[in-house]
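# Generate coordinates for the sequence data below:
(chains A and B)
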Amino acid sequence: MEFGIFTVGDVTADPTTGRTPSEHERIEAMVAIARKAEEVGLDVFATGEHHNPPFVPSSPTTMLGYIAARTERLVLSTSTTLITTNDPVKIAEDFAMLQHLAGGRVDLMMGRGNTGPVYPWFGKDIREGIPLAVENYALLHRLWRQDVVDWTGKFRTPLQGFTSTPRPLDGVPPFVWHGSIRSPEIAEQAAYYGDGFFANNIFWPKGHFQKLIELYRRRYAHYGHGTPEQAIVGLGGQVFMRARSQDAVREFRPYFDNAPVYGHGPSLEEFTEQTPLTVGSPQEVIEKTLSFRETFGHYQRQLFLMDHAGLPLKTVLEQLDLLGEEVVPVLRKEFASGRPADVPDGPPAHPAVERTRT
Amino acid sequence: MNTDADTDTDTRDVNRTRLVAVTAGVGKPSSTRLLTDRLVAGVSEHLDADVRVVELRDLAMDIAGNVVSGWPSQALREALEAVSDADGLIVATPVFAGSYSGLFKSFFDLVEPDALTGTPVLLAATGGTARHSLVVEHALRPLFSYLHALTLPTAVFAATDDWGAGADTHAGGLPGRVARASREFAQLLGRTRGTTGTVGVAPAATVPAATVPPARAEGGEAADGEAADEVVPFARLLADLA
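The predicted structure is shown next:
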């Protein structure tokens, strides 16, 4: 089982001080957070991709390439890479290059994005979101697997005799996740290719995701990749911890109340009751996270959102210490117990990474 | 007939018409609820219906929360599901600032875009004076046309005076208008019962490929025991691009 963190990369004022970090400070903080993730024994760091303020990570492979050079074991990923508005040729090239630089410690998550104007800014039509995701990924999949590609599609200029370089490290493309919060078509796409399915369940009640994940598992088996239980599932989570539960609630409440996306909406109590958000002691985080297995079945990757809503870097690093020292070791042990031998305990690792692990 | 808003859906008879009334009065009691109850009673005289009344007042905080957070509370989800699954809808709003109330609109903003396609809807509104009466035509009807609902041509507006001595008694006054709308709505429900979701939709031959349900689009998928209504097979998603 893999544990890691994913970041949105928002530049948000700290509501307790009113201070907003500069973009430069935020980018440096993201790198520091990624390095800390490795230091405390986490497996994965994933960055979002955004093309509008208040977000900084517009260029994920640049950032991940730098982090790759400053880390040894950490798997570098995305949450998400915009398969709708990026040129699939450039995705193929960028992530293959990153694979070589990172010694195979790379996977990525496809997503459609949540910001409407990104489509017109990149010359695309938001009403074509699903068809863009379907066609662009079909091309990306071929570019990593066929040395010479002839291609004609609906959305991209045709390719004749095109070779995407560099070729994937050792000829093995990065593992791909498909992220979705709503669309059964994306669960179907992940199942069709035998790729991973990541349910970013942090803002929504669990019933909704039970249906999506059940659909993905059933269709994964339908397409002959294994049993429904063997499908590769990732889940989101969102936590804030202090040794004493009431201290965590008191400290986190102003950040919650003013957070982008859900601030000024439901109360902290409603949100923690209905979504994976856990604000409390490490033990409470352990219990909530273990409940995901009961809800969704044995799964392979757990990512936590730890560094948003204006939380200062010092606090985030403290949170990562708690996560790495008190939470994840228990979760590793608990999740390992009861996992059937034929259910993978993580997504497929690149052969270059496998070699370093043995 | 059961007008209890907390009607247990598990006890419903699947063969009876599911009539849902959405009422957006903000007072308690409210004249909008009064008009809603009159219409529910009027329709129920003509057909045997399971009735559920959704009081938006009780869901106001949940609706606001859903608008900004993207997900519904349990109570709101049940109300949205009841509206989406209804065989017929009665909708009633007070007139605020020349239109339906913001609460009323916010609730229907949360209904899935296709959920009311072909659903018969009886429009109703209340206001201080009869000068607001065209709100049913100029605000409510376009909203439900946008949602592809089947609005009954007769809508009911009740002004404050309609409840007392100053009532407009032309054509039987408010009781007469309620009776006419109820009778016509029951007739419409009788004709559309069991076909909700298809009424008014073009014949299959003219439906664009993308809207054809997978059961029809790819028989082999539907036949192998998969729940084909939940998923468009990937081969179909790819083929649609060709």
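# going forward, measure contacts and count neighbours with C-alpha atoms only.
Will do.
# ok, residues contacting the helix or strand encompassing B:V22?
Secondary-structure assignment from DSSP states H and E places B:V22 in strand B:17-23. Residues from elsewhere that reach strand B:17-23 (Cα atoms under 8 Å, 6 or more residues apart in numbering or on different chains): B:32-33, B:36, B:40, B:47-56, B:82-83, B:85-93, B:104, B:193.
# What is the neighbour count of B:D62?
The local packing count at B:D62 equals 21, with neighbours defined by other Cα atoms under 10 Å in any protein chain shown.
# immediately after the helix or strand hosting it, which helix or strand?
Per DSSP H and E, B:D62 falls inside helix B:60-69. Sequence-wise, the next helix or strand beyond helix B:60-69 is helix B:74-85, with elements assigned using DSSP H and E.
# Now that next one: average pLDDT?
Model confidence over helix B:74-85 averages 96 on the pLDDT scale.
# Against which helices or strands is whichever helix or strand comes after that helix packed?
Using DSSP H and E, the next helix or strand after helix B:74-85 towards the C-terminus is strand B:88-96. If you count contacts as 3 or more Cα pairs under 8 Å, 6 or more residues apart in numbering or on different chains; DSSP states H and E, strand B:88-96 packs onto strand B:17-23, helix B:31-44, strand B:120-127.
# any idea which of those is most buried?
strand B:120-127 (a mean of 26; mean count of other Cα atoms under 10 Å in any protein chain shown).
# got the contact list for that one?
Outside strand B:120-127, the residues that touch it by Cα under 8 Å, 6+ apart are B:31-32, B:35-36, B:87-95, B:100, B:133, B:135-136, B:140-141, B:144, B:149-152, B:154-160, B:181, B:185, B:188-189, B:192, B:196.
# Out of those, which end up buried?
With neighbours counted using 16 or more other Cα atoms under 10 Å in any protein chain shown, the contacts of strand B:120-127 contain these buried positions: B:31-32, B:35-36, B:87-95, B:100, B:133, B:135-136, B:140-141, B:144, B:149-151, B:154-159, B:181, B:185, B:188-189, B:192, B:196.
# Do me a favour and average the pLDDT over the helix or strand hosting A:H24.
In the assignment (DSSP H and E), A:H24 maps to helix A:23-39. Helix A:23-39 shows an average pLDDT of 98 in the prediction.
# so what does it touch, helix or strand wise?
Taking 3+ Cα pairs under 8 Å, 6+ apart as contact, the helices and strands that helix A:23-39 lies on are strand A:2-7, strand A:44-47, helix A:60-70, helix A:313-322.
# Identify the residue spatially nearest to A:I126, adjacent ones excluded.
Taking Cα to Cα, 6 or more residues apart in numbering or on different chains, and ignoring the residues beside it in sequence, A:I126 has A:Y119 as its nearest neighbour in space, at 5.6 Å.
# Can you add distance to A:G346 and mean pLDDT and give the helices and strands packed on strand B:88-96 back as TSV?
Compiled in TSV, the helices and strands packed on strand B:88-96 are given as follows (distance: least, Cα to Cα, whole Å; pLDDT from 0 to 100):
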stretch	distance to A:G346	mean pLDDT
strand B:17-23	47	97
helix B:31-44	56	97
strand B:120-127	51	98
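# any chance of these in JSON lines, with distance to A:E28 too?
Putting these into JSON lines (distance: least, Cα to Cα, whole Å) gives the following:
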{"stretch": "strand B:17-23", "distance to A:E28": "52"}
{"stretch": "helix B:31-44", "distance to A:E28": "58"}
{"stretch": "strand B:120-127", "distance to A:E28": "57"}
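# looking at these, which is closest to A:S79?
When these are ranked by distance to A:S79, counting by Cα to Cα, first place goes to strand B:17-23 at 39.8 Å.
# now the angle between helix B:31-44 and the closest one, please.
170 degrees (axes from the mean of the first three to the mean of the last three Cα atoms, to 10 degrees).
# Export strand B:17-23 to CSV, keeping only CA atoms.
Listed next in CSV are the C-alpha coordinates belonging to strand B:17-23 (Å, rounded to 0.1, in the frame of the first residue of the first chain):
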residue,chain,number,x,y,z
THR,B,17,-48.7,7.9,-9.4
ARG,B,18,-45.8,9.6,-7.6
LEU,B,19,-46.9,13.2,-7.1
VAL,B,20,-44.4,15.6,-5.6
ALA,B,21,-45.2,19.1,-4.6
VAL,B,22,-42.3,21.6,-4.2
THR,B,23,-43.4,24.6,-2.2
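# now the top strand by length along chain A: how far from the chain's centre is it?
Under DSSP state E, the strand in chain A containing the largest number of residues is strand A:233-241. From the chain centre to the centre of strand A:233-241 is a distance of 10 Å (Cα atoms, centre = their mean, to the nearest Å).
# Pull up the pairing partners for the strand holding B:V22, direction included.
Taking DSSP bridges as the criterion, strand B:17-23 sits next to strand B:49-55 (parallel), strand B:88-96 (parallel) in its sheet.
# if you average pLDDT over the following helix or strand past the last one, what comes out?
So the one you mean is strand B:88-96. Toward the C-terminal end, the helix or strand that comes next after strand B:88-96 (DSSP H and E) is strand B:99-100. Per-residue pLDDT values across strand B:99-100 average out to 98.
# what angle sits between the following helix or strand past strand B:99-100 and helix B:74-85?
Toward the C-terminus, strand B:99-100 is succeeded by helix B:102-109 as the next helix or strand (DSSP H and E). Helix B:102-109 and helix B:74-85 meet at an angle of 70 degrees, taking the same axes, to 10 degrees as the criterion.
# Please work out the angle formed by the directions of helix B:102-109 and helix B:60-69.
Helix B:102-109 runs at 50 degrees relative to helix B:60-69, counting by the same axes, to 10 degrees.
# got the buried residues for helix B:102-109?
Of the residues in helix B:102-109, those scored as buried under the neighbour-count criterion (16+ other Cα under 10 Å) are B:L103, B:F104, B:S106, B:F107, B:F108.
# re earlier: what packs against the longest strand of chain A?
Packed on strand A:233-241, when contacts are counted by 3+ Cα pairs under 8 Å, 6+ apart, are strand A:196-199, helix A:245-257, strand A:278-280, helix A:282-296, strand A:301-305, helix A:313-322.
# returning to what we had before: the residue nearest to A:I126 and chain B: what is the separation?
As for A:Y119, its distance to chain B is 19 Å (criterion: Cα to the nearest Cα, to the nearest Å).
# before we move on, the earlier item: out of the helices and strands packed on strand A:233-241, which is closest to chain B?
Chain B lies closest to helix A:245-257 among these, at 12.0 Å (Cα to the nearest Cα).
# Can you tell me the closest non-neighbouring residue to residue 69?
Looking at chain A here, since you left the chain open. Here the nearest residue to A:A69 in space, its sequence neighbours aside, is A:A102; by Cα to Cα, 6+ apart that works out to 7.2 Å.
# hmm, I had chain B in mind actually
Here the residue nearest B:S69, using Cα to Cα, 6+ apart, is A:Y262, at 5.0 Å.
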